[in-house]
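**Q** Generate coordinates for the sequence data below:
(chains A and B)
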There are 2 protein chains.
Amino acid sequence: MNNTPSRAPGSRLDPYVDRYAARTAGMTASEIRALFSVASRPEVVSLAGGMPNISGLPLDVVGGAISDLVASQGPVAMQYGSGQGVPELREQITDVMRLEGIEAHPDDVVVTVGSQQAVDLVTRIFCDPGDVVICEAPSYVGALGVFKSYQCEVVHAEMDAAGLVPEALRQAIAATKAAGRTIKFLYTIPNFHNPAGVSLSAERRPEILEICRSEGILVLEDNPYGLLGFDGEPKRALRADESEGVIYLGSFSKTFAPGFRVGWALAPHSVREKLVLAQESATLCPPQFSQMAISAYLTKHDWQGQIKQFREMYRERRDAMVDALSDLMPASCRWNVPDGGFYVWMTLPPGVDAKGMLPRAVTARVAYVPGTAFFADGYGSSAMRLSYCYPTPERIREGVRRLAGVIEAELELRETFGATGPIQGLPIRGTEHPSTDTQ
Amino acid sequence: MNNTPSRAPGSRLDPYVDRYAARTAGMTASEIRALFSVASRPEVVSLAGGMPNISGLPLDVVGGAISDLVASQGPVAMQYGSGQGVPELREQITDVMRLEGIEAHPDDVVVTVGSQQAVDLVTRIFCDPGDVVICEAPSYVGALGVFKSYQCEVVHAEMDAAGLVPEALRQAIAATKAAGRTIKFLYTIPNFHNPAGVSLSAERRPEILEICRSEGILVLEDNPYGLLGFDGEPKRALRADESEGVIYLGSFSKTFAPGFRVGWALAPHSVREKLVLAQESATLCPPQFSQMAISAYLTKHDWQGQIKQFREMYRERRDAMVDALSDLMPASCRWNVPDGGFYVWMTLPPGVDAKGMLPRAVTARVAYVPGTAFFADGYGSSAMRLSYCYPTPERIREGVRRLAGVIEAELELRETFGATGPIQGLPIRGTEHPSTDTQ
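**A** Coordinates of the predicted model:
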């Protein structure tokens, strides 16, 4: 075989098609990705993305901290660093986690290139092809992509308004074990779930931990939004009550800024050693300059005050979205009212296909993410994720108005021509998540 | 099984030992890594590390460029970016590559977290467990680690003073194919090889490309040191003469600074698409702030003049090392004189084991990397890599003096008690690489 075919450069025919690793079959462009190019046009109100709104960050403080960093520690900040991450930052990360009840040693923290890379590295060290990861239904699209790329099978467990349902978790575990499959971990987002918008209730937390403990299943607790709750104190992390059975993932992407790509994993000691080796193999070390910039920001700025400002800003946008939904959406739509984070999960009347409707929504200059993106098994067709994190309250209301118009037109079509039914005849499981606390 | 054993926190017993993925068997601490903690003590002259010496960077220029970046584009630089990387930087990367004869489109460049991550992502998309990667003998330890972590088999092909030997490559391919194994690519460092210090001659370049073309083998050209040659113009990249059969990897770590973790892959169009998907799965996007900081530096500073300064500084250190080796080493040692890059490869008399000798060297306050680190097959025991990139010329000479003393003591012991022979009775292949251009 000749690997320099005479095809024109940029040809869409792929001369390497027979040579890729088997895992690439699971590496496909997500529905979110295809959307980005469309939704980024200025005339479109994007309720699709999960970009934090960082316009409130004090650029003078950040710029000053980074200038000082270059002047005083430039040759260190611009040099290679440890594969585990900068010690001072790891110390500060333990301060951040203490707000959620976690007592940890900096030596058990591994800095990662965003918490996305932490999901990647944990999966890399635990999962062989065919292993099972249990995820909430729905779950974070970026994590599902990682699990697919490692040829894992995802088994979903139901959620309701109080988060992951313990009985559903028990059933998922039992059914998977009965099928002779190996479960490597439970991937869960206990706080302000992406995309479901719900949180795991305080009552259920010990029960979920106890189930995993007794079944010998590791918990991967992904918590990027934990400090962005709108009411009261931060919720207590699962990791706060279980140090050996939980790997906790955190991030500065939503509480500070994502462009530095700094997240972390807090892991049991033996797992931490493997994560550091995996990090060294993946990148040699996470970005030293980014880590020291964040460390300087945390030292020089009232970062907790900044997070409080973010919370207030996001609460105002949450209000704008749920008020607009109440005012404008057809009565047959249902959604939840999140008490933190970035997302509302909305379900449409059975038979209205959120993915099929998307081109018409974009034509009407509004974008969202169809529910199917958040399921590994094809469910979610009549649901969608609506983000209120980035647009202004006025734009959010305008976006909801446009979306309501598209849905109403869809419902009229249905009345005229009859329901088209969900794609491929699947049950519309998405309609049921989360099933309560809706309006 | 219960995953919360009653062992004390920090216990060295690993409760997860039965649950890791099979690939973790190939993820072990490298010999270099174990060295770092020792070699970083100030009293030790480290000829072990590959850290660039960045003390010559103009901190005022870098600080000013980054301050301006925060002030003028902060909300963009601190936000999520594209999985492929910042378009303006990718444009500038094509300017950098043009110095080596490469004409490329920015759309075929994928930015990575250092070129280490590029090796990881290329391996991820091409290699199933058991696939073969052909590497030079010796080869870069960080790449060997990646290949092991993806459960690849490494087959080494011999080098000499003119780099990879075409006939050795032919033989390695033929033997691998005869054994029924699948070769996914040739991993090669054509310029100022790490660790061998040699470069692929201009005469051999078309021959190596032709062999790979006719055998249908992709070339992974890793070129972090290409612009750090001491004599004349940059060498012409393999990629300059073959666009469809070569993936080219570059990095700003040695020509600017490694702490930003910015490298790149230039790949054929179809491969590039897969690399972007892999990058999105691994990190969502490479660090936006780092990319824009480097882009600003390239725009505002005479970066080519800066590289020229680096070249002169490294040439002076190369001279210090080879002069000291000539003056101080026992006559039975052999080494090459690199014409660029960071490394000298030195072989000891047969029977002197560089790895076994290392603790005695560290006691004598000098460190190096034993040759075995650079072979996947146990060879290299009587060789070592000596780095001249980081210490001052005076420290380099002092380090060589200490090392010569250790080797002399070793030779005296051998005369007194007889040779101990290479570990495990392996042939001392390392002694033969590279075999000419030595003093």
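**Q** pLDDT weak spots in the stretch 301-439 of chain A?
**A** Under the criterion pLDDT under 70, the flagged ranges of the stretch 301-439 of chain A are A:418-439.
**Q** part of a helix, is residue A:159?
**A** No: counting by DSSP: H, G, I helix; E, B strand; the rest coil, one finds residue A:159 to be strand, located in no helix.
**Q** That one contacts residue A:193, doesn't it?
**A** Yes: look at residue A:159 against residue A:193 with C-beta atoms under 8 Å: they come within range, at 7.3 Å. Using the backbone N, CA and C atoms, a C-beta is placed for each residue, glycine as well.
**Q** Now do the shared contacts for those two.
**A** Listed as contacting both residue A:159 and residue A:193 by C-beta atoms under 8 Å, 6 or more residues apart in numbering or on different chains are residue A:136.
**Q** more neighbours, the two?
**A** residue A:193 (30 against 26; other C-beta atoms under 10 Å in any protein chain shown).
**Q** what's that one in contact with, if anything?
**A** A:136, A:159, A:163, A:199, A:341, A:343.
**Q** burial count for the closest residue to the fourth one other than its chain neighbours?
**A** In this case it means residue A:199. Spatial nearest neighbour of residue A:199, excluding adjacent residues (C-beta to C-beta, 6 or more residues apart in numbering or on different chains): residue A:191 at 5.1 Å. Residue A:191 has 28 neighbours, counted by other C-beta under 10 Å.
**Q** what kind of secondary structure is residue A:191 in?
**A** coil.
**Q** roughly how far apart are residue A:274 and residue B:117?
**A** Separation of residue A:274 from residue B:117 (C-beta to C-beta, to the nearest Å): 18 Å.
**Q** can you check residue A:232 too?
**A** Counting by C-beta to C-beta, the gap from residue A:232 to residue B:117 is 40 Å.
**Q** Could you check which of the two has the larger neighbour count?
**A** Set residue A:232 next to residue B:117 and count neighbours by other C-beta under 10 Å: residue B:117 wins out with 31 against 7.
**Q** can you give me the angle the host helix or strand of the more buried one makes with helix A:114-126?
**A** Using DSSP states H and E, the element containing residue B:117 is helix B:114-126. On the basis of axes from the mean of the first three to the mean of the last three C-alpha atoms, to 10 degrees, helix B:114-126 is oriented at 50 degrees to helix A:114-126.
**Q** pLDDT averaged over helix B:114-126 - what is it?
**A** For helix B:114-126, mean pLDDT rounds to 98.
**Q** which is the next helix or strand following that helix?
**A** strand B:132-137.
**Q** Which elements pack onto that next one?
**A** With contacts taken as 3 or more C-beta pairs under 8 Å, 6 or more residues apart in numbering or on different chains; DSSP states H and E, strand B:132-137 sits against helix B:141-149, strand B:153-160, helix B:166-178, strand B:183-188.
**Q** Using PDB, write out the CA atom coordinates for that strand.
**A** In PDB, the C-alpha atoms belonging to strand B:132-137 read as follows (Å, rounded to 0.1, in the frame of the first residue of the first chain):
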ATOM      1  CA  VAL B 132       4.500  -2.000  16.400                       C
ATOM      2  CA  VAL B 133       6.200   1.400  16.400                       C
ATOM      3  CA  ILE B 134       9.700   1.500  14.900                       C
ATOM      4  CA  CYS B 135      12.100   3.800  16.800                       C
ATOM      5  CA  GLU B 136      15.700   4.600  16.500                       C
ATOM      6  CA  ALA B 137      18.100   2.900  18.800                       C
END
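**Q** State the mean pLDDT of it.
**A** Strand B:132-137 comes out at a mean pLDDT of 98.
**Q** Could you list the paired strands of that strand along with their orientation?
**A** strand B:153-160 (parallel), strand B:183-188 (parallel) (DSSP bridges).
**Q** Would you convert the helices and strands packed on strand B:132-137 into CSV that also reports mean pLDDT?
**A** Putting the helices and strands packed on strand B:132-137 into CSV (pLDDT from 0 to 100) gives the following:
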stretch, mean pLDDT
helix B:141-149, 96
strand B:153-160, 97
helix B:166-178, 98
strand B:183-188, 98
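**Q** Which among those is found nearest to residue A:142?
**A** Residue A:142 lies closest, by C-beta to C-beta, to one member of these: helix B:141-149, at 21.8 Å.
**Q** who's in contact with the closest one?
**A** With C-beta under 8 Å, 6+ apart, helix B:141-149 has contacts from A:124, A:278, A:280-281, A:284, B:23, B:26-27, B:30-32, B:116, B:119-120, B:123, B:127, B:133, B:135, B:154, B:187, B:195, B:222, B:369, B:373-376.
**Q** Repeat that for stretch A:295-311.
**A** Contacts for stretch A:295-311 (C-beta under 8 Å, 6+ apart): A:52-53, A:56-58, A:61-62, A:64-66, A:68-69, A:86, A:88-89, A:92, A:99, A:227-230, A:254-256, A:340.
**Q** Which ones among the residues you listed map onto helices?
**A** A:61, A:62, A:64, A:65, A:66, A:68, A:69, A:88, A:89, A:92 (DSSP state H).
**Q** So the fifth one sits against residue B:64, correct?
**A** No: contact status for residue A:66 versus residue B:64: not in contact, 11.2 Å apart, counting by C-beta under 8 Å.
**Q** Looking at the two, which has the bigger crowd around it?
**A** Using other C-beta under 10 Å, the more surrounded residue of residue A:66 and residue B:64 is residue A:66, with 24 against 17.
**Q** Enumerate every residue touching the residue lying closest to the more buried one once chain neighbours are set aside.
**A** Closest residue to residue A:66 apart from its sequence neighbours, by C-beta to C-beta, 6+ apart: residue A:293 at 5.2 Å. Neighbour list for residue A:293: A:62, A:65, A:66, A:69, A:77, A:260, B:289 [criterion: C-beta under 8 Å, 6+ apart].
**Q** Can you report how many residues neighbour the residue of the stretch 101-250 of chain A at minimum distance from chain B?
**A** Residue of the stretch 101-250 of chain A nearest chain B, by C-beta to the nearest C-beta: residue A:216 (3.9 Å). Number of residues near residue A:216 (other C-beta under 10 Å) recorded here: 16.
**Q** And residue A:195, by the same measure?
**A** 27.
**Q** Same check on residue A:405?
**A** If we define neighbours as other C-beta under 10 Å, then residue A:405 has 15 of them.
**Q** What strand or helix carries it?
**A** Using DSSP H and E, the element containing residue A:405 is helix A:393-417.
**Q** Would you indicate which residues of that helix are buried?
**A** A:393, A:395-404, A:406-407, A:410-411 (16 or more other C-beta atoms under 10 Å in any protein chain shown).
**Q** With stretch A:55-74 instead?
**A** Within stretch A:55-74, the residues that count as buried by 16+ other C-beta under 10 Å are A:57, A:59, A:61, A:62, A:63, A:64, A:65, A:66, A:67, A:69, A:70, A:74.
**Q** go on, stretch A:82-98?
**A** Buried residues in stretch A:82-98, counted by 16+ other C-beta under 10 Å: A:82, A:83, A:84, A:85, A:86, A:89, A:90, A:92, A:93, A:94, A:96, A:97.
**Q** And stretch A:304-322, by the same measure?
**A** For stretch A:304-322, using 16+ other C-beta under 10 Å, the buried residues are A:306, A:307, A:310, A:311, A:313, A:314, A:315, A:317, A:318, A:320, A:321, A:322.
**Q** From those, which land in helices?
**A** Using DSSP H, the buried residues of stretch A:304-322 in helices are A:306, A:307, A:310, A:311, A:313, A:314, A:315, A:317, A:318, A:320, A:321, A:322.
**Q** Kindly reformat those residues as TSV containing distance to residue B:236.
**A** Shown next, in TSV, are those (distance: C-beta to C-beta, whole Å):
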residue	distance to residue B:236
A:306	51
A:307	53
A:310	51
A:311	56
A:313	54
A:314	54
A:315	59
A:317	55
A:318	58
A:320	59
A:321	57
A:322	62
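**Q** and the two most separated of these?
**A** A:306 and A:322 (24.8 Å).
**Q** Once you drop chain neighbours, what's closest to the residue nearest the centre of chain A?
**A** With distances taken as C-alpha atoms, centre = their mean, the residue of chain A nearest its centroid is residue A:140 (4.3 Å). Spatially, and ignoring its direct neighbours in sequence, residue A:140 is nearest to residue A:194 (5.0 Å; C-beta to C-beta, 6+ apart).
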